[in-house]
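Chemist: Turn this into a model:
(one chain, ligands or ions: 1)
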Amino acid sequence: MSRLVVVSNRIADPRKTAAGGLAVALGEALKTTGGMWFGWSGTVVEAGTPGEGEMHTQQAGNVTLATVDLCKEDHDSFYLGYSNGVLWPVFHYRLDLADFDAGYIAGYRRVNQMFAKKLMPLLKPDDIIWVHDYHLIPLAAELRAMGCTNRIGFFLHIPLPPPLILAAIPQHEWLIRSLFAYDLVGFQAEADVQHFARYVGEEAGAEALDPHHFRAFNRTVRAQAFPIGIDVNEFQALTRARESMDMFERMREEYARRRLLVGIDRLDYSKGLPHRIKAFRHLLTNYPENRNSATLIQIASPSRESVDAYADIRQQLEGLCGAVNGDFGELDWMPVRYIHRTVARKRIPGLCRAARVGLVTPLRDGMNLVAKEFVVAQDAADPGVLVLSRFAGAAEQLKEALLVNPYDTHGTAEVIQQALQMPLEERQRRHQKLLERIREFDVHWWRKAFLQALSETEPGG
Ligand code: GDG
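Modeler: This is a model prediction of the structure:
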């Protein structure tokens, strides 16, 4: 069997239990064949310091963890600049938040070239290479330029926007052409594959050979949706563990006479947090029976705080939460409990299980794993209801959730009211269907389906 080489911007030590579902799944795949995980160490060094660009390797059983440091200039232009200031906002349809500073692209190319240069000597001829996410789109093209003929697959964790939005990026053609250096390109949802197919047709003047094969720029690539899942067994075990059950019981007791709603997100403008608070405000205004009762616990874990747009969204969110609490709060009740910290992973399932409603209402999201975690954490005998944005990739699979348009804050409030009122039998029926699908398409299915498809492609073709 070929060795697997995973490349991602950040790597996770598969031995550490704190690692989330993705790290566990990739760690498992690496352990089966023996393998290597290559990426950024997370360390930023001053340019010109001794050891800059040095590679660190660590052995974790039969898995090699290989990391490189980034110098400050590269970190600023590659990571903060092009990856998170251009690609993240545009791929999430937020042209208004993109910062097309002409200096960023050089850093993005430089780091991808540097990654390829460091990786190339470590590769064996029959290694299978799996590259992850928007930070590393041109990596295969850089490797090919150095003579690499291995099978290389790419998975995009975030959405691919329609051609006319993508075309706002000055280097859009170069980016998509870079994808053709891979043998397999995986997307989260069918909508993303359609956007890719349309781009290839409209902007590259090429055609689909069949629904999954595209020929352009003198190369053929297979492109397909592989919706990512979670590790259901691991999350169920986490739900039953003591810390989670303690959390569940404390919350159940505290909200015995009230209704708990929960939102768990990185504080990111794609997650629709201000819209969610506005919808919650409409709920309290239009359905007054929820006052002194419906309580929203919103965890917004800190993320990318040195990017300006993230500081702005935090300020906006905090203003909205404060206003709802000021206008509706009582001496012994606050409608919104906003937490701008990272909550321990072990407590998350208990919190989800105690909630009557889970709010997953991003404005745009590749998949959204919280939607799946919320369903898995529920008590099948008395499950809570998932309110899910139609703009999350997860909405293609989770049809039995209550789907909403998060921009329509009035409409969302009505659906939240429907969720709060849903009879037990309907909650059970929806939950059972959702759980079945989440279990069938779990993270192990995702990994196997992707690697199977990659192994079927012609290497280097
Ligand atoms: C990208 C795509 C795609 C959140 N707050 C805390 C915490 N979390 C955990 C959740 C969940 C994970 O982080 C977030 O996953 P998402 O899927 O929601 O979102 P992104 O980080 O934006 O991920 C996304 C994903 O990649 C995978 O392909 O689904 O669409 O954007 O597991 O539970 N965990 C802890 N404390 C927190 O406060 N411990």
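Chemist: ok but residue 311 is inside a strand, no?
Modeler: No. Residue 311 sits outside any strand when classified using DSSP: H, G, I helix; E, B strand; the rest coil, being helix.
Chemist: mind listing what it touches?
Modeler: residue 305 (C-beta atoms under 8 Å, 6 or more residues apart in numbering). Heads up, the C-betas are built off the backbone N, CA and C, glycines and all.
Chemist: and what of residue 204?
Modeler: Residue 204 neighbours (C-beta under 8 Å, 6+ apart): 173, 176, 177, 216, 217.
Chemist: what about it, is that helix, strand or coil?
Modeler: Per three-state DSSP, residue 204 ends up coil.
Chemist: Tell me the spacing between it and the ligand.
Modeler: Separation of residue 204 from the ligand (C-beta to the nearest ligand atom, to the nearest Å) stands at 26 Å.
Chemist: For that residue, give me the pLDDT.
Modeler: pLDDT, residue 204: 86.
Chemist: Equivalent analysis for residue 14, please.
Modeler: In this model, residue 14 carries a pLDDT of 64.
Chemist: cool, the one 10 residues further on as well?
Modeler: Residue 24 carries a pLDDT score of 67 in this model.
Chemist: And for residue 47?
Modeler: 81.
Chemist: isn't it right next to residue 72, touching?
Modeler: Yes. Taking contacts as C-beta atoms under 8 Å, residue 47 lies within contact range of residue 72: 6.4 Å.
Chemist: What residue spans form the domains of the protein?
Modeler: Per the record, the chain has its domains at 4-229+443-456, 232-439, by automatic domain parsing.
Chemist: Out of those domains, name the one with the poorest average pLDDT.
Modeler: domain 4-229+443-456 (a mean of 92).
Chemist: Let me know the closest of the contacts of residue 204 to the ligand.
Modeler: residue 176 (20.1 Å; C-beta to the nearest ligand atom).
Chemist: Quickly find the element holding the closest one.
Modeler: Remark: residue 176 resides in helix 172-179, with elements defined by DSSP states H and E.
Chemist: where does the protein come near the ligand, residue by residue?
Modeler: 20, 157-158, 228, 264, 266, 299, 301, 342-345, 348, 365-370, 373 (C-beta under 6 Å from any ligand atom).
Chemist: And residue 141, its phi and psi?
Modeler: Backbone dihedrals for residue 141, given as degrees, to the nearest 10, come out at phi -60, psi -40.
Chemist: Measure how buried it is and give me the count.
Modeler: Using other C-beta atoms under 10 Å, residue 141 is surrounded by 20 other residues.
Chemist: Now do the same contact list for it.
Modeler: 177, 178, 181.
Chemist: Put together JSON lines for these, with neighbour count and distance to residue 207 on each row.
Modeler: What follows is those, written out as JSON lines (neighbours: other C-beta atoms under 10 Å; distance: C-beta to C-beta, whole Å):
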{"residue": "177", "neighbour count": "17", "distance to residue 207": "16"}
{"residue": "178", "neighbour count": "21", "distance to residue 207": "20"}
{"residue": "181", "neighbour count": "23", "distance to residue 207": "19"}
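Chemist: Strands along the stretch 101-250 of the chain, start to end?
Modeler: Taking DSSP state E, counting those that start in this stretch, the strands of the stretch 101-250 of the chain run over residues 128-132, 151-155, 184-187, 207-210, 213-216, 219-225.
Chemist: Apologies, that question was intended for the stretch 351-461 of the chain.
Modeler: Here the stretch 351-461 of the chain has its strands, by DSSP E, counting those that start in this stretch, at 357-360, 385-389, 402-404.
Chemist: tell me the SS of residue 12?
Modeler: Secondary structure assignment for residue 12 (three-state DSSP): coil.
Chemist: what's the nearest residue to it if we skip its chain neighbours?
Modeler: When the adjacent residues along the chain are set aside, residue 12 lies closest to residue 23, with 3.5 Å between them (C-beta to C-beta, 6 or more residues apart in numbering).
Chemist: Near residue 53, how many other residues are there?
Modeler: Residue 53, neighbours per other C-beta under 10 Å, totals 15.
Chemist: Quick one: residues contacting it.
Modeler: 68, 69, 71, 114.
Chemist: just checking, residue 167 touches residue 203?
Modeler: Yes. Using C-beta under 8 Å, residue 167 is in contact with residue 203, at 6.7 Å.
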